[in-house]
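> predicted model and sequence below, questions to follow.
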Amino acid sequence: VGICGCGGVSHKSPEKVTEELIQSSVNGKEKKILDCYLETKNTEDSLKSEVDTLIKYYKSHNVKKLKIQDCDTLSENEKYTYVYITYNLVLDDDQEYPCIGTYMVGKKDKDYYILPPSQITDAMRNQAASDYARFMTTDTYKEYTKDYDTFIKNNPGYEDKISEKMK
């Protein structure tokens with residue numbers, strides 16, 4: 001999936017900005033990640049910490065390439081859109097590590113952006129938990145789980161190695 005043309009981030013849809021976040025994180029592009037949050041100045045500490053952790057997480061996998069599988073809306077209301085994304089990290093040894101993520105996406109003027117942690121309320125978290133529980137019954141989630149279980153079975157201790165690298 002080719003994402004982003006001229007150095008900026010696409011804010012055209014909730015799905016597009018979510019894909020951009022993952023691509024930028026895998027590539028270690030801090031400025032682009034912050035752009036996904038519409039944060040360019042005075043970034044709050046909790047978001048800085050999240051961005052640093054994202055970059056470190058993907059770096060710990062030694063990703064050769066990113067393959068986005070699916071990205072779509074789980075729910076939508078007047079305040080935000082709850083989006084899921086499934087993707088594979090192609091590792092140095094060409095194995096594909098299946099990943100899944102969910103993000104709350106807001107809209108400011110005509111631009112969609114990933115909501116930073118400070119803007120996510122308990123009510124939003126509770127709604128997300130319900131939406132995610134429904135998502136877990138879908139074929140998309142079941143396929144991800146099957147692929148993930150297969151990867152872990154074929155690579156025992158992989159999660160522990162990643163955890164060690166994250167310390």
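Nice, I can see it. Numbers count the residues shown, from 1 in each chain.

> now the element after the helix or strand of the chain with the lowest mean pLDDT, going C-ward?
Within the chain, no helix or strand scores below helix 45-60, which has a mean of 91 by mean pLDDT, DSSP states H and E. As assigned by DSSP states H and E, the chain's next helix or strand after helix 45-60 is strand 63-76.

> may I have the beta-bridge partners of L91?
V63 (DSSP bridges).

> in contact with it, which residues?
L91 makes contact with 61-64, 97, according to Cβ atoms under 8 Å, 6 or more residues apart in numbering. For glycine as for every other residue, the C-beta is placed from the backbone atoms N, C-alpha and C.

> mind redoing it with 10 Å?
Neighbouring residues of L91 by Cβ atoms under 10 Å, 6 or more residues apart in numbering: 61-65, 97, 151, 155, 158.

> quick one: the strands in the protein?
63-76, 81-91, 96-108, 111-114 (DSSP state E).

> make TSV out of the ones you listed and add distance to T145 and mean pLDDT.
Listed next are the strands of the chain as TSV, based on distance: least, Cβ to Cβ, whole Å; pLDDT from 0 to 100:
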stretch	distance to T145	mean pLDDT
strand 63-76	13	96
strand 81-91	10	97
strand 96-108	9	96
strand 111-114	24	95
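
> would you list the ones you listed in TSV and tack on distance to Y37?
Shown next, in TSV, are the strands of the chain (distance: least, Cβ to Cβ, whole Å):
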stretch	distance to Y37
strand 63-76	17
strand 81-91	14
strand 96-108	10
strand 111-114	5
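
> out of those strands, flag the one nearest R134.
strand 63-76 (7.7 Å; Cβ to Cβ).

> and the angle from the closest one to helix 45-60?
Calculated by axes from the mean of the first three to the mean of the last three Cα atoms, to 10 degrees, strand 63-76 forms an angle of 140 degrees with helix 45-60.

> what's the spacing between strand 63-76 and its chain's center?
7 Å (Cα atoms, centre = their mean, to the nearest Å).

> stretch 78-86 now?
11 Å.

> with stretch 85-96 instead?
With Cα atoms, centre = their mean, you get 14 Å for stretch 85-96.

> quick check: buried residues in it?
Under the neighbour-count criterion of 16 or more other Cβ atoms under 10 Å, stretch 85-96 has 85-91 buried.

> I am finished for the moment; much appreciated.
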